[in-house]
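> Model the following, please.
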Amino acid sequence: MGCGGSKPETEEQRQPSSPTGNPGTAAGDAADAAFNVTGTEKNKTFRERRLSISQQQETGARPRRLSIYGKTGDDNTVPSEVRSPCSTCGCRTMGGFEPVPGGSVAKINQDRGLALWPWRGTVDEAVFGVYDGHGRAGEKVSEFVIQNFPTTLMDLLSKMEKDGSDKSDPGSALSEAYIEVDTALAHHMDASVSGTTAVTCLVKKSHMWIANSGDSRAIIVRKRPDGSFMAVDLTLDHKPDCPSEMKRILQMGGHVTPAGANGSPSRVWHNLRGLAMARSIGDHAAATVGVIAEPEITEYDLVDDDYALVVASDGVWELLTSQQVAELIGSMKEERTPENITDVIVDQSSYMWKVEEGDYRDDITVVVVKLPWITDEMEKQHAAMENDAPADAAAS
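Model prediction:
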């Protein structure tokens, strides 16, 4: 799809391994061996090639796949739980883990998810999104966004509609909401070296507006006439070496290192910190060298062959391509409920982290919407909610 889209598939990537490892097969045995032998040359080499510039890493620190190099936030942060608001939506988040001498420990989950229905009291509107925090207090940034973004967006949409229907533009409202939340974040906390990706889908009937900053991703999984599944990327990953992004960064005096053939990501550098994305909410120190919160806005009309909307953090996309996720859904033996689809994507992603890195796994968050997304059951549920509202108000 162009710069920053799905990564090219290798022959090995086209055959996703089973999350269970298939212990009875040679492939399963090889994968399990790669996971169980912690500290092998394979894992050591893998981590080394993920470093942007090794001499800028702390001496003795083990390189890992991180959006930004730096400490995590406070250990007592409890993430908000993302829950499915309707029968056609499935949500799941899984915290990562990181290596320590002798094994690994759970790390703070800096991911957050959003699933809101009914939106603005309307049965045919909803908001779905994923926000992947990074840096010293990334979990606080992503939490701030999910707590403040929905109200900000709602207020902007209401204002536009009040000013006149000709000025009502959901795409502009999404863009302005990102910028307003980023400004509010700067007054709320020090987000100089902490930030979050932000991918948000505003759905109204069969039309979607998608706002994206960073390298979380939204895709449509479409069913082909022959019954197979294909992926349609709705967003582009904002990598620093994407020509349009790099042009802005260089004009602002930033320095970009390109992605390496060995898998190391492109990074924009500021004060010896390498950020693996060109847009984010937060990261205010990197804003001085061209990292912006303003999202890229795209629109999409749902069609009859569209099977599901998948929104996920790079805990999925780091090791699975968009097409692999589509094929994974197509290969499911169990019933394709939104919850089951979500579980399959999360479990396969987790398994791939085991195979590739052993004792490190990024946070993984997935929101799945089965299409068509509005059902008769949901319309009846919403009607019942509206009928109950006046009685509840009178009782209070």
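> in stretch 271-290, what's buried?
273-287, 289-290 (16 or more other CB atoms under 10 Å). All C-beta spots, glycine's among them, are computed from the backbone N, C-alpha and C.
> Revised request: answer the last question for stretch 159-179.
Neighbour-count burial for stretch 159-179 flags 160, 170, 173, 174, 175, 176, 177, 178, 179 (criterion: 16+ other CB under 10 Å).
> ok so, going back, restricted to strands, list the buried residues of stretch 271-290.
Taking DSSP state E, the ones among these that sit in strands are 273, 274, 275, 281, 282.
> tell me which of the residues you listed is nearest to residue 349?
If you rank these by distance to residue 349 using CB to CB, residue 275 comes first, at 22.5 Å.
> can you pull the contacts of that closest one?
Neighbouring residues of residue 275 by CB atoms under 8 Å, 6 or more residues apart in numbering: 67, 68, 195, 240, 267, 268, 269, 283, 286, 291.
> quick check, nearest of these to residue 339?
Nearest member of the contacts of residue 275 to residue 339, counting by CB to CB, is residue 67, at 28.0 Å.
> Residue 352 sits in which helix or strand?
Using DSSP states H and E, residue 352 sits in helix 338-357.
> same deal with residue 139?
Counting by DSSP H and E, residue 139 is part of helix 138-163.
> Against which helices or strands is that helix packed?
strand 111-116, strand 125-135, helix 170-188, strand 194-196, strand 198-204, strand 281-282 (3 or more CB pairs under 8 Å, 6 or more residues apart in numbering; DSSP states H and E).
> so residue 312 bridges to which residues?
For residue 312, the beta-bridge partners are residue 217, residue 366 (DSSP bridges).
> Report the contact partners of it.
130, 216, 217, 325, 345, 364, 365, 366, 367.
> now that we have those, which one has the most neighbours?
Counting neighbours by other CB atoms under 10 Å, the top entry in the contacts of residue 312 is residue 130, with 34 neighbours.
> Quick check: that one vs residue 184, distance?
From residue 130 across to residue 184, the span is 20 Å (CB to CB, to the nearest Å).
> and if you look at residue 318?
Here residue 318 is placed at a distance of 30 Å from residue 184 (CB to CB).
> between the two, which one's more packed in?
residue 318 (19 against 14).
> low-scoring pLDDT stretches of the stretch 51-200 of the chain, where are they?
When residues are selected by pLDDT under 70, those of the stretch 51-200 of the chain lie in 51-80, 165-167.
> go with 50
51-77 (pLDDT under 50).
> residues touching residue 91, list them.
Counted by CB under 8 Å, 6+ apart, residue 91 has contacts 82, 83, 84, 113, 115, 342, 366, 367, 368.
> Emit the ChimeraX select command for whichever of the residues you listed are buried.
The following ChimeraX line selects those of the contacts of residue 91 that are buried, judged by 16+ other CB under 10 Å:
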select :82,84,113,115,342,366,367,368
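> one step back: report the distance from the helix holding residue 139 to the chain centre.
Mean C-alpha position of helix 138-163 versus that of the full chain (CA atoms, centre = their mean, to the nearest Å) differs by 18 Å.
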